[in-house]
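Enquirer: Below: sequence and its predicted model.
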Amino acid sequence: KLSINAFDYNCHLDLIKLLRQEGELIKLRRARQKMSELFPLTEEIWLDWLKDEIKMASESSEREKVYELFERAVKDYICPEIWLEYAQYSIGGIGQEGGIERVRSIFERALTAVGLHVTKGTALWEAYREFENAILETAQPAPGSVPSPEQQQVLCSQLEKIHTLFRRQLGIPLLDMEASYAEYEEWSEDPIPETIIKSYKKALQQLEKCKPYEEALLGAETPKLAEYQAYIDFEMKAGDPARIQLIYERALAENCLVPDLWARYNQYLDRQLKVKELVLSAHDRAVRNCPWTVGLWIRYLLALERHRVDHGTISEMFEKALNAGFIQATDYVEIWQAYLDYLRRRVDFTQDSSKELEELRSAFARAVEYLKQEVEERFSESGDPSCTIMQNWARVEARLCNNMQKARELWDNIMTKGNAKYANMWLEYYNLERAHGDTQHCRKALHRAVQCTSDYPEHVCEVLLTLERIEGTLEDWDAAVQKTENRLARVNEQRAKAAEKEAALAKQEEEKAEQRKQARAEKKASKKAKKTRIGDKRKADDDDDDEWGQEEEEQPNKRHKGDGDGVLLEEDMEVEMGLFGRSGPEKPANQKEKASTSRRDIPKVLHDSSKDHLTVFVSNLAYNMAEPEVKLKELFEGCGEVAEVRPVFSNKGTFRGYCYVEFKEEKSAQQALSLDRKVVEGRPMFVSPCVDKNKNPDFKVFRYSTTLEKHKLFISGLPFSCTKEELEAVCKAHGNVKDIRLVTNRAGKPKGLAYVEYENEAQASQAVLKMDGLVVKEHTIKVAISNPPLRKLPDRAEAGRAPQFAVPRQPYGARGKGRTQLSLMPRALQRQSHPGAKAENGMVQNSPATSSKPPSEEPKKMSNADFAKMLLKK
């Protein structure tokens, strides 16, 4: 795997773990070395590596290699544990020449690095004092003997070292500093000086100020960014550079993949401390942790130049930046521009030619070619549509090299790349010619601009006329006026045509809207007409038609259009309809009577819209769910007390897959929304607010963002068998995963798509680089930043598909054409539907057959025999 993708962080960890288990020490050392070259290693990885190397180091030459390894470890992150391990290991070499001084040097460096650490600094101070106390014990004379003056001087010197360590420690706010003060009182034979006591009390006051921030860090969950930022702000106000540096380092040790934190830290070091080794080390660690962030590379190049690092090193760092794998085409434009700026500052333009100038020109040419070849091939765009790099190159040639011929060639190339239609591009060139060229070329440029500009031609014409008014002859003025007038006349003509076309399109849209409105009216009339015929059939065959018609009047068939997330009225009825009013063969009389009785026995529960704030609408449930009231009440009781569960049934008594759940309190209804998309009996249950879409047409229940989210990934190509846990195991290696959503259809079946949300965009960017093209269960997945396409409006899409004079289709329900909605009516009858016809209670007020008669004339009712004759005749 590493041979395919060397930047697979988790794969490095797995390889190291396996090699350590197998005891392959040589291969293990090589694997750790490769990983450390690509990434800064965490404290745990370094400590494991160091302990393994310490076990194998017996000779002095091997000990020196361990020292070198420790030096590399303390540069990655400031970790108290590594510094303490380093100091304790160095004590083992105390018998070598200069061993004591080496130990003291390491301890002093450790105190400088982490001695101010409020919670972990005390351990280093105590270890240092124990070491000096051990030296003191060895310097003591034998019992009963009188020390010589030399021995006495050594003893006094050693005692003074320990006194100094105590006094230095007591002046620093550290946890348990009261115990250190008591230990000093017990150890010292002399009373503690007043100045030390004042320093100790001041440190105690400082500790009290720091304690709230330390407690917040202890109680917070990773990554603790907000808590660390508050701590940093506190230390910035105090203004102690050493403490500011330490708190930044502590924050970065836990948030090493946050580019903004690195940027703020490096900015502080660049502007305040300005220590070369410290500044360059921080910049180097920043780009190793976040190589995809172009801003960190640019700051690194500037820091290298600021501290006068040699040209070869800066060029080498720039080449590393080009291979860092930026996620946007514009990032490559920015890094090239930063490097070209650096090369330009190296050139002495007082000389006609120099090695630096040729290198600058060569770099400009390479940048243009790189963006055209490498970047455009990867991103399908160069990232520099306005050719800013070529513009800067032309300015350098014109202003600094006095080479207008080269500048004109460059601008001509810029214009051929699709920029000739923009007025601002022509005016940039005109200003350059005005400053460093001649009037002839200025005039030529403006004439071309008048001819080519399409966005703001009036502005270009005005500039041309101004030039000729000041510097031109009469012939020049006449030519300019004629050219501008002709051009503006063509522009106005084009705009008029465009306006006419737009008006025609608007009119066409209005006509289509009117046609859609008419089609909907015809559909409605056709539906009413069918109900009328069904009612006539039932009146002819059923003795209870008066009673049935009365029930129809009480329970009209209403339905709000929607996709399952809207609100449906509970009195929505389902009518069985076949060729002559029934689907299937005739039922026996007793079954028919029983079915009719069951429909009438279903209690009618009207929806109370005043309780919408206490109610949620639940849909996409399984139709075969047994006892939905009981199951749903158990499911929603965890959100609060349920007042009522109202499932919606068809006339046949079957569950229709949606219901209303009413709570006692509004907060319970709000909490119930969190159960949206919960899988119930193998299907995702949709839970949405109870809102009438007719009264609130703009209400949207889709709870996920449909815009660009840089901290969220869209993954496609997943195997259908991939679970949320398996995907999380893959994704969490690149950052802290906040949420994972596997996309399913309405039946709960996976679609091979997922959305993964990280804590910040830095982690998401890193995950894109590492995961795109990854193979998961023999499926190659595609990973990109989440940026869903705009949804098409259904009306426009439908209008675009339907013929202008198409026969209106039958109106279907929210789930499409059900088996009881088959339309077997001849098309000829459908065409006769009148848009103005209205049906009420199954009776047509103005039927299509009699639409030409006066309104006062009563329409003739059709019997079953009449209907059959008419159908057979057609």
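Expert: Okay, I see it.
Enquirer: For the protein, which segments count as strands?
Expert: Counting by DSSP state E, the chain has strands at residues 615-619, 642-649, 655-663, 678-680, 683-689, 709-716, 737-744, 750-758, 775-776, 779-780, 782-786, 839-840, 843-844.
Enquirer: most neighbours per residue, which of these?
Expert: Scoring these by mean neighbour count under mean count of other Cβ atoms under 10 Å gives strand 615-619 as the most buried, with a mean of 24. No exception for glycine: its C-beta is placed from N, CA and C like everyone else's.
Enquirer: the inter-axis angle of that one versus strand 655-663?
Expert: 160 degrees (axes from the mean of the first three to the mean of the last three Cα atoms, to 10 degrees).
Enquirer: could you dump strand 615-619 to PDB, C-alpha only?
Expert: Extracted in PDB, the C-alpha atoms of strand 615-619 (Å, rounded to 0.1, in the frame of the first residue of the first chain):
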ATOM      1  CA  THR A 615     -47.400  17.600  16.400                       C
ATOM      2  CA  VAL A 616     -44.900  15.900  14.100                       C
ATOM      3  CA  PHE A 617     -45.700  14.300  10.800                       C
ATOM      4  CA  VAL A 618     -44.200  10.800  10.400                       C
ATOM      5  CA  SER A 619     -44.000   9.100   7.000                       C
END
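Enquirer: Partner strands of that strand, with direction?
Expert: strand 655-663 (antiparallel), strand 683-689 (antiparallel) (DSSP bridges).
Enquirer: right, and those strands - which one's nearest Ser145?
Expert: strand 683-689 (88.5 Å; Cβ to Cβ).
Enquirer: chain center to that closest one, what's the gap?
Expert: Its chain's C-alpha centre and that of strand 683-689 lie 25 Å apart, by Cα atoms, centre = their mean, to the nearest Å.
Enquirer: what does stretch 188-204 give?
Expert: 54 Å.
Enquirer: Run through who's touching it.
Expert: Counting contacts by Cβ atoms under 8 Å, 6 or more residues apart in numbering, the residues outside stretch 188-204 that touch it are 163, 166-167, 170-174, 177-178, 181, 184-185.
Enquirer: Mind doing that once more with 7 Å?
Expert: Outside stretch 188-204, the residues that touch it by Cβ atoms under 7 Å, 6 or more residues apart in numbering are Arg167, Leu170, Gly171, Ile172, Pro173, Met177, Tyr181, Tyr184, Glu185.
Enquirer: Of the strands paired with strand 615-619, which is nearest Thr453?
Expert: strand 683-689 (51.8 Å).
Enquirer: Tell me what angle the closest one forms with strand 737-744.
Expert: Using the same axes, to 10 degrees: strand 683-689 against strand 737-744 is 110 degrees.
Enquirer: Put together TSV for the strands of the chain, with mean pLDDT and distance to Val287 on each row.
Expert: Shown next, in TSV, are these (pLDDT from 0 to 100; distance: least, Cβ to Cβ, whole Å):
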stretch	mean pLDDT	distance to Val287
strand 615-619	90	50
strand 642-649	88	57
strand 655-663	89	54
strand 678-680	86	44
strand 683-689	88	44
strand 709-716	86	20
strand 737-744	86	25
strand 750-758	88	20
strand 775-776	86	29
strand 779-780	86	30
strand 782-786	86	21
strand 839-840	38	74
strand 843-844	40	78
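Enquirer: can you list the ones you listed in JSON lines and add distance to Trp336?
Expert: Below are the strands of the chain laid out as JSON lines (distance: least, Cβ to Cβ, whole Å):
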{"stretch": "strand 615-619", "distance to Trp336": "54"}
{"stretch": "strand 642-649", "distance to Trp336": "63"}
{"stretch": "strand 655-663", "distance to Trp336": "58"}
{"stretch": "strand 678-680", "distance to Trp336": "50"}
{"stretch": "strand 683-689", "distance to Trp336": "48"}
{"stretch": "strand 709-716", "distance to Trp336": "23"}
{"stretch": "strand 737-744", "distance to Trp336": "34"}
{"stretch": "strand 750-758", "distance to Trp336": "29"}
{"stretch": "strand 775-776", "distance to Trp336": "34"}
{"stretch": "strand 779-780", "distance to Trp336": "32"}
{"stretch": "strand 782-786", "distance to Trp336": "23"}
{"stretch": "strand 839-840", "distance to Trp336": "72"}
{"stretch": "strand 843-844", "distance to Trp336": "75"}
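Enquirer: looking at those strands, which is closest to Leu15?
Expert: Proximity to Leu15 (Cβ to Cβ) singles out strand 775-776 among the strands of the chain, at 17.6 Å.
Enquirer: Once you drop chain neighbours, what's closest to Leu464?
Expert: Distance criterion Cβ to Cβ, 6 or more residues apart in numbering; nearest residue to Leu464, sequence neighbours excluded, is Leu446 at 4.2 Å.
Enquirer: The one you found: what's it in contact with?
Expert: By Cβ under 7 Å, 6+ apart, the contact set of Leu446 is Tyr430, Val460, Val463, Leu464, Leu467.
Enquirer: quick one: contacts for the last one?
Expert: What that stands for is Leu467. Residues near Leu467 by Cβ under 7 Å, 6+ apart: Cys442, Arg443, Leu446.
Enquirer: For burial, what's the neighbour tally of the first one?
Expert: Taking other Cβ atoms under 10 Å as the criterion, the count of residues near Cys442 is 20.
Enquirer: and it, what is it in contact with?
Expert: Going by Cβ under 7 Å, 6+ apart, the list of residues near Cys442 reads Tyr430, Glu433, Arg434, Leu467.
Enquirer: Can you read off the pLDDT for it?
Expert: On pLDDT, Cys442 comes in at 95.
Enquirer: Going forward, the N-terminal residue is numbered 27.
Expert: Okay, using 27 as the starting number, the last item reads as Cys468.
Enquirer: Next one: the residue lying closest to it once chain neighbours are set aside from Thr479, what distance?
Expert: Leaving aside its chain neighbours, Cys468 sits nearest to Glu459 (4.7 Å; criterion: Cβ to Cβ, 6+ apart). From Glu459 across to Thr479, the span is 16 Å (Cβ to Cβ, to the nearest Å).
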